[in-house]
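> using only what follows, build the 3D model:
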Amino acid sequence: MANGNALVVSGGNITAGKDISLTGTAKAGSGYGVSLTNGNMTASSGNISVNGTGYDSGSGALNVNGGNFSALNTVLEGTAGRNNKGTVLNGNINVTQGNLVVTGTVTQTANSADNNQFTGLLASGNITVSQGSLNLTGHITGKSGLNAKAVNLTNLNISASNASITGVNQRNGTGFILSNVNLTGDIEKGANTTFSSAGSDSSVTNVIGSGVLNATTTDVLMRAGIENDTQISASGMALGGSGDNWNQNYTSSKGGGWIFDGATVSKAGNISLQGVGFVNSSVTAGKDLTINNGDDSLTVQNTTLNATTISLSGGSISLTGNSSVNAVNDITLNAPKGGVNINGQSNVNTVNISSESGNISIEGNGAGFNRDGVLISNALLNASQGGITVTGVADGADYRLRGGVKFTDSVNLTSQSNTINGTHRKGNAGRVNFAGVVINPGDYHFKGNTTINAESDDYAGLAFSSSVPRTNITFSDGNFVIDAKNNSTAFNSIGGISIDNWEGTQAKIIITTLNGTLNISGQARNREGITSVSSSFSINPNDGSGYHGYVFKGDGDVNVKGVSDSSNGVDMRFFDNTGVTGNFTITGESNTGNGVAVPKFGEISLVNTTITGSSKSGAGILMNASDKQIKKIDLNGNTLTGTSVSGAGIKINGNNVSIANGSLNGTSQGNGAGVELTGGNNYTVSHVTVTGQSAGGNAVGVNGNLTLNDSTLSGNTANGSGVSVSGNVNSTNTTISGGATGSGNGVSLGGNASITDGTVTGNAVDGNGVSVSGNVNTTNTTISGGASGSGNGVSLDGNASITDGTVTGNAVDGNGVSVSGNVNTTNTTVT
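Residues are numbered from 1 along each chain as shown. Predicted coordinates for the structure are as follows:
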């Protein structure tokens, strides 16, 4: 069946002397494999079997909405081959003769956060089995899903002679959950009822809501045991006895423990427990509080824990809702087999972890479980007199990024020393969507000395998610370090520090530093050390995501350093530090890439920044504003220093470039330019000192369409030009000086360059001290050149025009001043 339900039975009567069998399969569309509504089925001496199957069906496999059944056994079975729901029951279902067996199975092929999307058996309404037993079973197989439920019974009344409820979830999530369920008849309040989650993953939990059982049946269930941690009501239970201490192992004989709902316990002494968790509870110990669940999970939800010292350990730890953990001294959370999940209800109703005079230590390992090592969301951690350490390891991958340590929504850490250690080990995971540390969109504040260490064997050391446009990170009152390493050589790695690309969003990572110094370091092998968007992404120019980037604010100092082997050390797309009043430095290093680069999609606003780039074969600093996606490069009051063994020291070319009130110093040890400025449209250099050195190329090269005002150009080379000005450069009130020790010219003026109110000085050996050629036009400019070898002091050639100026040349073997071509001198002194 492509759309709708494959088999529909609505109302009517089906009667048989022996068996009745109905089967339907939905392969796609919005319906069920089988849908039954308010009908009557009678198999007087046989069985009733209804089997629905769904593959990619929009609703599920089997839907039963009311109906009356009479048979030896009535079997309802739904199997969803890919995701969704297996069996859905609602309305009034009555079995007047025989037993009722209901089974729902879902095989997950994708992850989902929808609470009910992946459910084996989902039931509400009324189920009555008048003279027989009831068996409800749900299965979840396949991929993980934190919210998948094998059996979900909600707003349901059940009556039977006896009942069995089994939820098997082979991955993450819930085995069975009973919420607002009323058990009546012979199974009233859980009498003659068995519960099981046998076969489920160890991380799976079960929930039996308040009012389902009473104190007597709860005690029977606890004595019988359960395979997984199960939430039960603590109403009517005398937890902890009458003494000062509460020491008890609640681990059942079947391996599971118990999560107490609504417990209130206060002891003057120590509390030491095993096999427990707490929901909607309050637990206070006058001395130490220890909960050790071994390899089993530990759940604390909407609960307050108070003690002198607190230690929580389990295979995995879930600390969620509006929970509070408060201690005078140390607080320790340790989850070596599944990780730590700290997840507040909202940025108002947060998880609070507070140590009055001790330390907070959180350690989680999600390796082997495809979970974050430590996830912290909507949480406040405070150890104002001590330190906070968070350490997490992961090896999995997730569409929204898997991390050794992951922050999301809203997190605040306050201590003398905050240390975050996040590590990703690839294991058998895919090669994308993970990092040592992941920072999702949200608001984060680290107060006190803070170190974030992020390391990964692939994809990213530290990754920012761009799924939402804004992320705000504040560091205050201390010294702060972000150190990220990506050790991968894989093609689809995205860098040491990178923004993970989401199409359709332009993400801004806003970093504020107050009263301190922030050092950011990113290292990678074949991708960028630090990048806005990795070059591994192919970006649609109209998408907007190519302009991801970083905004820096605050009164603190900021130092940014990126190192790469074969890509750019620091790769900038959107980069803005105009809100910083402290010192700001950017340093990039690479072997075969560029040290610091603006490759494309640039929108750069930097003020009072020291930028240093070095490379062996790439450019020390490359700012390429020549592609049509560029917005602007605005450099005001910056100091740029670039060095390269064989490439250019500094290379800035393109459109919408403004360089003002700063200095550029570039060095090439090979044939590259020391500094190369190439204008396109709207390119201005004003009040800037440009200094270059090159072994075989131009020390300083200025060309293209470019306006140069109130600046100084100085360069030295062997066989290139000390300073070369050509193209359509328009220069006013600029001093130009250059030297060449080999066959090169000290200064070369060519093209359509225009020099007004300038001073040009050049020295050479076998080249010209100053060479003026092409259509150069100088006005009120002093030109002087010298050659100590075979070169000319000054060479005037081409269609050059010299007006209201002075030309002076000195040479040993060449001419002091050599004039040829169509040179025009007006009101000019030549000596």
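> in its sheet, what does the helix or strand where Gly24 lies sit against?
Assigned by DSSP states H and E, Gly24 belongs to strand 20-26. Strand 20-26 sits in its sheet next to strand 48-55 (parallel), going by DSSP bridges.
> next helix or strand past the partner strand?
strand 62-82.
> just the CA trace of that following strand, in PDB.
Provided in PDB are the C-alpha atoms of strand 62-82 (Å, rounded to 0.1, in the frame of the first residue of the first chain):
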ATOM      1  CA  LEU A  62      -0.900  -1.600  13.700                       C
ATOM      2  CA  ASN A  63      -3.700   0.600  15.100                       C
ATOM      3  CA  VAL A  64      -6.500  -0.700  17.200                       C
ATOM      4  CA  ASN A  65      -9.100   2.000  18.200                       C
ATOM      5  CA  GLY A  66     -11.600   0.200  20.400                       C
ATOM      6  CA  GLY A  67     -13.300  -3.200  19.700                       C
ATOM      7  CA  ASN A  68     -14.600  -6.400  21.300                       C
ATOM      8  CA  PHE A  69     -12.700  -9.700  21.000                       C
ATOM      9  CA  SER A  70     -13.700 -13.200  22.000                       C
ATOM     10  CA  ALA A  71     -11.400 -16.200  21.400                       C
ATOM     11  CA  LEU A  72      -9.100 -18.600  23.200                       C
ATOM     12  CA  ASN A  73      -6.300 -16.200  22.500                       C
ATOM     13  CA  THR A  74      -6.300 -12.800  20.900                       C
ATOM     14  CA  VAL A  75      -3.000 -11.800  19.500                       C
ATOM     15  CA  LEU A  76      -2.400  -8.200  18.200                       C
ATOM     16  CA  GLU A  77       1.100  -7.700  16.700                       C
ATOM     17  CA  GLY A  78       2.600  -4.700  14.900                       C
ATOM     18  CA  THR A  79       6.100  -4.500  13.400                       C
ATOM     19  CA  ALA A  80       7.600  -1.300  12.100                       C
ATOM     20  CA  GLY A  81      10.500  -2.200   9.900                       C
ATOM     21  CA  ARG A  82      11.900   1.300   9.800                       C
END
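> quick one: strands adjacent to that strand?
Applying DSSP bridges, one finds strand 62-82 paired with strand 34-37 (parallel), strand 40-43 (parallel), strand 48-55 (parallel), strand 85-108 (parallel).
> what about the closest residue to Lys27 other than its chain neighbours, how many neighbours?
Counting by C-beta to C-beta, 6 or more residues apart in numbering, Lys27 lies nearest to Tyr55, which is 4.7 Å off, once chain neighbours are set aside. Placement of C-beta: from N, CA and C, glycine included. Residues near Tyr55, counting by other C-beta atoms under 10 Å, number 17.
> going forward can the numbers begin at 570, since that is how I track them
Renumbered: residue one is now 570, and that last one reads Tyr624.
> identify the bridge partners of Tyr624.
Arg651.
> now swap in Thr1301 and tell me
Beta-bridge partners of Thr1301, as defined by DSSP bridges: Asn1278, Thr1325.
> ditto for Ala612
Bridge pairing for Ala612 - DSSP bridges - gives Ala585.
> Throw the strands paired with strand 631-651 into CSV and include distance to Ala1093 and mean pLDDT, thanks.
CSV is the format used below for the strands paired with strand 631-651 (distance: least, C-beta to C-beta, whole Å; pLDDT from 0 to 100):
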stretch, distance to Ala1093, mean pLDDT
strand 603-606, 54, 95
strand 609-612, 65, 97
strand 617-624, 43, 93
strand 654-677, 34, 96
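> just send those back as CSV, with distance to Ala793 too.
Formatted as CSV, the strands paired with strand 631-651 follow (distance: least, C-beta to C-beta, whole Å):
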stretch, distance to Ala793
strand 603-606, 34
strand 609-612, 34
strand 617-624, 31
strand 654-677, 22
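> quick one, what contacts Val1176?
Asn1146, Thr1147, Val1149, Phe1153, Asn1205, Gly1206, Asn1207 (C-beta atoms under 8 Å, 6 or more residues apart in numbering).
> what do you get for Ala1242?
So Ala1242 contacts Ala1217, Gly1218, Lys1220, Gly1235, Gly1261, Ser1263, Gly1266, Asn1267, Ala1268, Val1269, Gly1270, Gly1289 (C-beta under 8 Å, 6+ apart).
> which strand residues bridge the fifth one?
When bridges are taken as DSSP bridges, the partners of Gly1261 come out as Gly1235, Gly1284.
> surely it touches Gly1241?
No - under the criterion of C-beta atoms under 8 Å, Gly1261 is not in contact with Gly1241, lying 10.2 Å apart.
> which neighbours do these two share?
Gly1218.
> who has more neighbours out of those two?
Gly1261 (33 against 29).
> could you check how far Ile756 is from Val750?
11 Å (C-beta to C-beta, to the nearest Å).
> apologies, that question was intended for Asn1022.
48 Å.
> quick one: buried ones out of the contacts of Val1176?
Buried subset of the contacts of Val1176 (neighbour count, 16 or more other C-beta atoms under 10 Å): Asn1146, Val1149, Phe1153, Asn1205, Asn1207.
> SS state for the closest residue to Gly1125 other than its chain neighbours?
Sequence neighbours aside, Thr1082 is the residue nearest to Gly1125 in space, at 3.3 Å (criterion: C-beta to C-beta, 6+ apart). Under the three-state scheme (DSSP: H, G, I helix; E, B strand; the rest coil), Thr1082 adopts strand.
> ok so, going back, buried sites along the strand holding Gly593?
For strand 589-595, by 16+ other C-beta under 10 Å, it's Ile589, Leu591, Gly593, Thr594, Ala595.
> ok, the first one to Ser1195 distance?
Here Ile589 is placed at a distance of 76 Å from Ser1195 (C-beta to C-beta).
> great, nothing more from me.
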